[in-house]
Every structure is written in C-alpha cells, then in structure tokens.
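# Let's see this in three dimensions:
(chains A and B)
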Amino acid sequence: MRHEIQYLLEDVLGPVVDAQPADHPLFRVNRDDSTVYETGDELDMQTPIQTRKQQLQRANFVGVASETTDPTPAGPGQRYDLQTATSLRLEGLSAAKRGHIDHPDVDAVPFEALFRDVFDAVQGAMSYPDVGRPGVSYRDLTVTNIDDSQSDHSDFYRAEFDVLFRGYTDTP
Amino acid sequence: MTSLPNFEADAREALLDDLEDYAREEIAPQVQSHAHEILRQYGQRNDYDVEPIIEAGETEVLRRGDRVVVRFGWPEPAIYFERGTVDHVVEAKNADVLSFIWEDPPEWVREEFEPEGDGYRVFLPKVEVAGLPESRFIRDTLNWLHAEFR
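Reported below is the predicted structural model:
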C-alpha cells in the first residue's frame, strides 16, 4: 500500500507540515518502514508513546501505516470493489517537558488545533483521491474509528483515526 | 375485495422485522467471529490467553423507532488489547497481597514459593507487567464491516 501511504504523507499532510511554526515542526513518519520523512532517521511508532520522549522534544509527529485491504468481486468482468484501510497517529509532548504542545506556562502548538489541521487536511481529500496506484481508482476516502481520548500520562498527547480509501481495482 | 387499511405501516414493520432477523442471525455473529479470529491470532502470536475476553463478548440487537441497532461489547481489558499498553506495575489495592499461579516463573520464584497447578503459587505486594502490543481487533473488524456490508 505504498501509494496510499505516500499520498497521505506527501499530498495530504505536506501542506500541514509546511504551515507549522519553525520552532515547533511537525515530522512525518512512514510507520510501514519506520522512517521519518524530514530526517531520514528510523523511528518505530508502534511502541508506546512514552518511549519516544526524546524524539518528541525535537518535533510533533504524525505517522501513517497501512492496515487491511478487502478486494471483493463486483459485477461482470475483472472488477473488484476495493477498500484499503490505513491508520494515522498524531503525537506530541507538553512544552513543560520541552516538547511542542501548548502548556499553560509555555507557548507552543495547541494539540486540538494541530489535530484539527490534520483531520481537515484528510477530510479535504475525500473526493476521488488520486493515489497513483496502477489499476486502482478510488471514489472517496472516509475517516473512521476516531480515538482522541487522552491517556493518564498527561504530558503526552496522542490521537488517531483510520482512513478508508474506497473504490475499484482491476486486480485483487 | 380485500381491504388493507394499514398497508404502509404494516409493510414498514415487516421490513424492519426482516432486517432485525438478518442483523441477529447474520451480521452480529459474523462480526463477532471476525473479531474473535483476529483476537485468537493475536493471542497465539503473543502467547496471551484471550479466551476469557472472547467468552465475555456480547452482542445486542435493538429496535429504536425505525432503526435496527447492533451493538458489540467486550469487557474492559479488551480495550488494552485493542490499543496496546506500556509496561506497568500492578499493586494490591483491595487486599494485602496479590496471589496467583505463575506459570514458568524465573528462578527466584521457584526458590521462594510452592508449586501449584501448572506453576507456582505466589504472594506479592506488586508485580511488573510487560506492555501489550496493539491488536486493532475492534477497529479492523469495523473496517471489515464497512467493506462487507457496503
């Protein structure tokens, strides 16, 4: 699902990254191969957030991973309904711990606003997302399974949701 | 001539009855078995006993006005399997100590406690529990449901 991941990271999230303040950058992570787009470093976002304190002092992170795909035969000829599921995870650390998320005493980026920017960027791509995968045409994408509840570890901020690409494919 | 004074209302009710049956007999069991299949594979991969969660899984089919609602639920530990957890410490709160059978324990446990069942019966004020990787069994099932019944 390289194309879907690349599409989300570059076409959709690129403008959000560019709009961040220079002091509080947002780094993108391809969670399928654990690489950070901005630095080329390796970063495993599958481990619990508490293990990434050091990295989160450098920047906020948004990571995308591929999950499931369900091609189902549809109609006559070589045509399949296709749904490709990807997940998006946003993480940050409070500025009080030298991270980049707003704290009452230290200015940085409000987490809710950052989440809203990411969410809106994805929603903005909902109609006919052109991911450039040969033989596949997506009709739309939809956001589901939103999980933005805060953990007890109040210095860490995380939110995630799934992005479903829905359309057709020639090859299952 | 037959008269059907409540034709529209009766037709709507009949359709909803059919839908409710379909939800109860097809959708609910399929969703449960899909979720439990993911959970079993996850349990096997990580060597966890997931059967208690599977046994406690519940589905409910309800009629709310002109809608049929299917609800799924699993008891609280399921959310930790779903999302994953960090390494954490479990302390005895409602008792003086925690007591359980530790299967295949480290050497110090063998020296200090007595064998019982498949392991050793331990009494400890607190234990460190390794974190769980995320299983996504609920989210992947909901995504599958989107694709299956679109």
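# can we go C-alpha only for contacts and neighbour counts from here?
Fine.
# Dihedrals phi and psi, the closest residue to chain B within chain A?
Closest to chain B within chain A is residue A:48: 5.7 Å, counting by Cα to the nearest Cα. Main-chain dihedrals, residue A:48, degrees, to the nearest 10: phi -60, psi 150.
# what's the distance between it and residue A:89?
Remark: distance between residue A:48 and residue A:89 (Cα to Cα, to the nearest Å) = 12 Å.
# Comparing these two, which shows the higher neighbour count?
It is residue A:89, of residue A:48 and residue A:89, that has more neighbours when counted by other Cα atoms under 10 Å in any protein chain shown, with 22 against 17.
# Now do the buried residues in the helix or strand where residue B:41 lies.
Residue B:41 belongs to helix B:28-46 when assigned by DSSP states H and E. Buried residues in helix B:28-46, counting neighbours by 16 or more other Cα atoms under 10 Å in any protein chain shown, are found at B:28, B:31, B:32, B:34, B:35, B:36, B:38, B:39, B:40, B:42, B:43.
# Same check on stretch B:51-62?
B:53, B:54, B:57, B:61.
# Let me see the contact set for the third one.
Translated: residue B:57. Under the criterion of Cα atoms under 8 Å, 6 or more residues apart in numbering or on different chains, the neighbours of residue B:57 are B:32, B:72, B:73, B:74, B:75.
# what do you get if the cut-off is 7 Å, keeping everything else the same?
Residue B:57 makes contacts with B:73, B:74, as judged by Cα atoms under 7 Å, 6 or more residues apart in numbering or on different chains.
# Over to the last one?
Taking Cα under 7 Å, 6+ apart as the contact definition, residue B:61 lies against B:23, B:24, B:69, B:70, B:71.
# Just the buried residues of these.
Taking 16+ other Cα under 10 Å as the criterion, what is buried in those is B:23, B:24.
# now the helices: where do they sit in the chain?
Answering for chain A, as no chain was given. Taking DSSP state H, the helices of chain A run over residues A:2-6, A:14-18, A:53-56, A:111-124.
# Sorry, I should have been clearer: chain B.
B:7-22, B:28-46, B:51-56, B:77-83, B:107-112, B:137-148.
# Can I get the longest one as CSV, trimmed to CA atoms?
Read that as helix B:28-46. Presented in CSV, the C-alpha positions along helix B:28-46 are these (Å, rounded to 0.1, in the frame of the first residue of the first chain):
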residue,chain,number,x,y,z
ALA,B,28,-24.0,-9.9,14.7
PRO,B,29,-22.5,-13.5,14.6
GLN,B,30,-20.3,-12.7,11.6
VAL,B,31,-18.9,-9.6,13.2
GLN,B,32,-18.2,-11.5,16.4
SER,B,33,-16.5,-14.3,14.7
HIS,B,34,-14.3,-12.0,12.6
ALA,B,35,-13.2,-10.0,15.7
HIS,B,36,-12.5,-13.2,17.6
GLU,B,37,-10.5,-14.7,14.8
ILE,B,38,-8.2,-11.6,14.9
LEU,B,39,-8.0,-11.8,18.6
ARG,B,40,-7.1,-15.5,18.6
GLN,B,41,-4.3,-15.0,16.1
TYR,B,42,-3.0,-12.1,18.2
GLY,B,43,-3.2,-14.3,21.3
GLN,B,44,-1.3,-17.0,19.6
ARG,B,45,1.4,-14.6,18.3
ASN,B,46,1.9,-13.1,21.7
